[in-house]
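>>> the sequence and its predicted three-dimensional model are supplied below.
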Amino acid sequence: MANDIHETKTNLPDKAVLVSLVTDQVKRSGINTEHSLQELVQLAETAGVQVLEVITQNRETPDSKWFIGKGKVEELRMAIDGLEANTAIFDQELSGAQVRNLEETLDVKIIDRTQLILDIFAQRAKTREGIIQVELAQHSYLLPRLSGHGKNLSRLGGGIGTRGPGESKLETDRRHIRGRISDLKRQLDEITKHRVLHRERRKKTGAVQVALVGYTNAGKSTLLNRLTAADVYIENKLFATLDPTSRVLELPSGKEVVLTDTVGFIQNLPHDLIAAFRATLEEANEADLILHVVDASSAMREDQMSVVQSILEDLGAADKPQLVLFNKKDACDPEQLEMLPSGEGFLKISAYDEKDLDSVKHAIQEHLSGGNVKFRIPADRGDVSSTLYRIGDVIEQTFEENDIIYEVRINKTDYDKMGYMLKDYLEQ
């Protein structure tokens with residue numbers, strides 16, 4: 001009978017109490033805990049969870065057994081019973097032992113921030129690569145915590161924390177899971193090799209790559225759709241887009257570049273997830289220009305920009321040429337707009353304003369362009385002349401005997417890639 005009651009309780013939709021612990025170390029780190037907690041609410045709602053209450057505790061250090069203090073555990077238990085919640089979600093990572101102790105005391109599902117993000121990714125992954133990446137990250141996260149997730153993994157009700165690999169796989173022993181991790185890594189390596197080959201082919205053809213990066217829900221997918229008439233899924237939720245999408249963007253000069261939308265970043269993005277998605281995130285590292293899309297209307301704009309820069313540094317892409325697009329200007333009041341940085345390298349835009357979209361295209365063109373260069377090419381070398389048209393804009397051409405003199409506005413990035421074919425024809 002007790003099991004029937006327990007099973008019925010876990011089959012209910014996820015109704016959660018959120019918990020955040022603010023330690024002295026967190027305060028010293030400068031992390032905005034209020035913002036982090038607001039994000040946790042958004043993450044929970046994105047995962048389909050009904051948030052019933054939020055509980056916070058200030059404490060010097062985490063409790064090794066409960067994470068929060070024993071008295072706070074009792075307060076949490078009373079809140080869960082009173083609200084008839086079936087889940088507690090913590091804003092920080094928990095150890096396996098802490099999860100076990102909390103589950104035994106509270107008799108509800110215990111989820112931490114990392115597991116919640118992994119769960120959202122499991123819902124959103126659509127391509128084979130994305131699904132493999134998420135499963136790899138979930139297994140890597142759960143392996144050292146197996147002893148602490150007994151109840152979590154045996155619950156029949158599903159919901160957050162149980163999507164992705166599936167309960168039967170996660171209940172197996174560590175050796176089996178390690179084998180699964182190795183198998184997933186092999187599959188991912190094969191996909192990564194194909195991605196690398198594809199990148200190399202793009203480089204050989206002289207394709208210029210521009211990557212959209214930014215905090216989750218900054219409007220990257222909307223911008224990609226508006227700039228390229230793409231059909232990328234858009235939703236006003238965190239991580240609406242997971243799998244990277246590339247589309248051709250035509251610049252005002254007629255030059256075409258490859259524009260790639262990448263997965264959104266977030267504060268405390270799980271390390272296992274960054275590692276699993278590294279091949280995808282490296283689209284930013286391979287880009288000739290990064291478009292850093294920022295939600296200009298967010299009160300946490302500067303913190304979000306710092307998070308993006310930090311992750312770009314981890315990827316080795318921090319030194320890439322970058323254009324910052326302060327998006328959603330239509331949602332800003334005049335004071336907010338006035339406070340935004342301006343000048344070279346910054347644009348204030350709305351993805352729904354045609355003039356702003358034209359400004360973005362011109363700014364991309366300007367960032368990728370170099371100066372004007374003259375080339376003297378024999379009239380019978382049509383192959384060399386066609387290369388000129390591919391890597392720049394021919395402004396003028398004149399004829400001298402058997403040669404053609406071209407004045408070209410060179411695309412710097414293209415010239416760096418293809419210039420070896422033209423160096424012998426530079427007009428001194």
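Sure, I can see it.

>>> what about residue 342, which SS state?
coil (DSSP: H, G, I helix; E, B strand; the rest coil).

>>> which residue, other than its chain neighbours, is closest to it?
residue 348 (7.1 Å; CB to CB, 6 or more residues apart in numbering). Quick note: C-beta positions are derived from backbone N, CA and C, even for glycine.

>>> now residue 63
Using CB to CB, 6+ apart, the nearest residue to residue 63 is residue 69, at 5.7 Å.

>>> pLDDT weak spots in the chain?
Applying pLDDT under 70 to the chain picks out residues 1-12, 147-173, 203-206, 230-244, 276, 279-280, 370-371, 411-421, 428.

>>> quick one, what contacts residue 223?
Residues near residue 223 by CB atoms under 8 Å, 6 or more residues apart in numbering: 212, 291, 293, 325, 327, 351, 360.

>>> format these as a markdown table; extra columns: secondary structure, distance to residue 143 and neighbour count.
Converted to a markdown table, the contacts of residue 223 look like this (DSSP: H, G, I helix; E, B strand; the rest coil; distance: CB to CB, whole Å; neighbours: other CB atoms under 10 Å):
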| residue | secondary structure | distance to residue 143 | neighbour count |
| --- | --- | --- | --- |
| 212 | strand | 33 | 27 |
| 291 | strand | 37 | 28 |
| 293 | strand | 35 | 28 |
| 325 | strand | 39 | 25 |
| 327 | strand | 39 | 26 |
| 351 | coil | 41 | 23 |
| 360 | helix | 44 | 22 |
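
>>> ok, those vs residue 21, which is closest?
residue 293 (31.9 Å; CB to CB).

>>> what bridges to the closest one?
Applying DSSP bridges to residue 293 yields these beta-bridge partners: residue 214, residue 325.

>>> hey, where'd the strands end up in the stretch 1-150 of the chain?
15-22, 50-58, 87-90, 109-112 (DSSP state E, counting those that start in this stretch).

>>> can I get these in CSV with mean neighbour count and distance to residue 343?
As requested, the strands of the stretch 1-150 of the chain are exported to CSV (neighbours: other CB atoms under 10 Å; distance: least, CB to CB, whole Å):
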stretch, mean neighbour count, distance to residue 343
strand 15-22, 22, 38
strand 50-58, 16, 40
strand 87-90, 25, 42
strand 109-112, 26, 42
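
>>> elements contacting the longest helix along the chain?
Using DSSP state H to define each element, the chain has its longest helix at helix 174-204. Under the contact criterion of 3 or more CB pairs under 8 Å, 6 or more residues apart in numbering; DSSP states H and E, helix 174-204 touches helix 128-142, helix 167-170, helix 278-286.

>>> rerun that using 6 Å as the cut-off
When contacts are defined as 3 or more CB pairs under 6 Å, 6 or more residues apart in numbering; DSSP states H and E, helix 174-204 packs onto helix 128-142, helix 278-286.

>>> now it, how far from the chain's geometric center?
Put simply, helix 174-204 sits 19 Å off its chain's centre (CA atoms, centre = their mean, to the nearest Å).

>>> can you pull out the strands in the stretch 301-428 of the chain?
Under DSSP E, counting those that start in this stretch, the stretch 301-428 of the chain gives strands at 322-327, 346-348, 369-378, 392-400, 403-411.

>>> most packed of those?
Highest mean neighbour count of these: strand 322-327, a mean of 22 (counted as mean count of other CB atoms under 10 Å).
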